[in-house]
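1. Provided below are the primary sequence and the corresponding predicted coordinates.
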Amino acid sequence: MKFTKMQGIGNDYVYINCFEETVPDPVELSKLVSDRHFGIGSDGLILICPSKVADCRMRMFNADGSESAMCGNGIRCVGKYVFDHKLVDKAEFDVETDAGIKHIKITEENNKAVKITVDMGIPEVTSTLPEAIVIDGKDYEFIGISVGNPHAVYFMDHIDELDLESIGPAFEFHERFPERTNSEYIEVKSRDYIRMRVWERGSGETWACGTGATASAVASVLSGRTENTVEVELKGGNLTIFWDREKSGHVFMTGPAVEVFEGEFDITNL
Ligand SMILES: N[C@H](CCC[C@H](N)C(=O)O)C(=O)O
C-alpha cells in the first residue's frame, strides 16, 4: 500500500491516494499507521477518494479509528496533494467531505502548493453563550462551535501550564457531548491574535487543529474578544482565520501544507 506522509503545522496524517489504492478497513488501518512505535506514526489516516459531486473526496480517521466529518489541516494537505500530483489542473477546486463540499484556493510557487485557503462554511453555535460543564466540582464555561465536527472552546490564561492530559479527556468524554468533542484552550493575546492548545477527539493533544483553530476564532469573535480576522498560534505554527460575518457568514482558514515523505506499507496482515 503506497502512502504519503503530510503535515499541516505539525498535525500529521498518513494519506492514501484512493484513486489508485483500495483500503478495505480504514478504521483498523488508521489505528495501525498512527502508532508512533509499531506503525508509521501520525495523528490519523486520510483517504483521498474519487467523488461524483466534487473534484475529490476526503475521509478522515482519528488515531483511535473513529471517523470525523471534517479536518482542517487535513483538507489543506489534500488540496496540496491533488494540486501537486496533478489530480486537478486548476488552482481552485472542490473537496467533498461528510460536512459538505469545501472550496479550496491554492497559492503555488513553481507549480507546488505553498499556501491553501479553505472555505470552512458557516460555523454553527452548539451551546448557549457561554455554557458551563462541571469537572471535578469546578465550573468550566465554554463556547460550543461546530464546523462539521464538534468543538468546545475554553478561554483562560497561561495555557502552557494547563494539565491537558487531565482536562482534555474530561471534556472529550463528558456526558454533555454524546458524540465526544474536540476541546480548545485559548489565551487571547490581542484583538487579532490568540494562542491555542488542543485536545482532539480520538487523537489526544495534537500540535495543531485546523477546525479547532477555526472554531476558536469564531468563539473569540462571538464573545467580543477579537476582530473578524484572527491569527491563531498553535504548537506547530500559525493559521489565519477570517470570518466574513457581515456578508457571506462563511469562515475561511489559510495556512501551509507540507509533503514529508512517501512510502509503502504492508497491509497483508491487516
Ligand atoms: N486535526 C483536525 C481535526 C480532526 C478532528 C477530529 N479529531 C474529530 O474527531 O473531529 C483538524 O485539523 O481540523
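-> Right, received. Where do you want to start? Everything quoted here is computed from the prediction, not taken from an experiment.
2. contacts and neighbour counts: CA atoms only from here.
-> OK.
3. interface residues of the protein facing the ligand?
-> Residues of the chain lying near the ligand by CA under 6 Å from any ligand atom: 62, 68, 71-74, 149, 200-203, 209-212.
4. for residue 181, state which of the residues you listed is nearest.
-> If you rank these by distance to residue 181 using CA to CA, residue 201 comes first, at 5.5 Å.
5. still on that earlier bit, in strands only, show me the residues of the chain next to the ligand.
-> 62, 68, 200 (DSSP state E).
6. wait, is residue 4 part of a strand?
-> Yes - assigned with DSSP: H, G, I helix; E, B strand; the rest coil, residue 4 falls within a strand.
7. most remote residue from the middle of the protein, which is it?
-> Of all residues in the chain, residue 137 has its C-alpha farthest from the mean position, at 30.5 Å, by CA atoms, centre = their mean.
8. let me see the confidence value for it.
-> Here, the pLDDT recorded for residue 137 equals 95.
9. could you pull up phi and psi at it?
-> Residue 137 has phi and psi values of phi 80, psi 0 when expressed as degrees, to the nearest 10.
10. tell me who's in contact with it.
-> By CA atoms under 8 Å, 6 or more residues apart in numbering, residue 137 lies in contact with nothing.
11. could you do residue 245 as well?
-> Applying CA under 8 Å, 6+ apart to residue 245 gives the contacts 228, 251.
12. how near is it to residue 133?
-> Going from residue 245 to residue 133 by CA to CA, to the nearest Å gives 28 Å.
13. can you give me phi and psi for residue 226?
-> Per degrees, to the nearest 10, the backbone of residue 226 is at phi -140, psi 170.
14. confidence score at it?
-> For residue 226, the pLDDT comes out at 98.
15. count of neighbours near it?
-> 21 (other CA atoms under 10 Å).
16. how about residue 254?
-> Using other CA under 10 Å, the number of residues around residue 254 comes to 23.
17. quick one, strands of the stretch 1-150 of the chain?
-> For the stretch 1-150 of the chain, the strands defined by DSSP state E, counting those that start in this stretch occupy 2-8, 11-17, 44-49, 56-62, 67-68, 92-97, 100-109, 112-119, 124-125, 131-135, 138-146, 150-155.
18. now these in TSV, with mean neighbour count?
-> Shown next, in TSV, are those (neighbours: other CA atoms under 10 Å):
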stretch	mean neighbour count
strand 2-8	21
strand 11-17	24
strand 44-49	26
strand 56-62	24
strand 67-68	18
strand 92-97	20
strand 100-109	17
strand 112-119	20
strand 124-125	16
strand 131-135	14
strand 138-146	19
strand 150-155	26
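19. which stretch among these comes nearest residue 183?
-> Within the strands of the stretch 1-150 of the chain, the stretch nearest residue 183 is strand 150-155; the backing value is 4.6 Å (CA to CA).
20. could you give the angle of that closest one to strand 138-146?
-> Going by axes from the mean of the first three to the mean of the last three CA atoms, to 10 degrees, strand 150-155 is angled at 130 degrees with respect to strand 138-146.
21. mind listing the strands strand 150-155 pairs with, and their directions?
-> With DSSP bridges as the test, strand 150-155 is paired with strand 138-146 (antiparallel), strand 182-190 (parallel).
22. where are the low-confidence patches of the chain?
-> Within the chain, the stretches with pLDDT under 70 are 269-270.
23. what is the neighbour count of residue 156?
-> When neighbours are counted by other CA under 10 Å, residue 156 registers 12.
24. repeat that for residue 99.
-> 15.
25. quick one, what contacts it?
-> If you count contacts by CA under 8 Å, 6+ apart, residue 99 has them with 69, 70, 147, 148, 149.
26. ok, and the most crowded of those?
-> residue 70 (25 neighbours).
27. residues touching residue 149, list them.
-> With contact taken as CA under 8 Å, 6+ apart, residue 149 is in contact with 68, 69, 70, 99, 211.
28. residue 233 and the ligand: what is the separation?
-> Counting by CA to the nearest ligand atom, to the nearest Å, the gap from residue 233 to the ligand is 13 Å.
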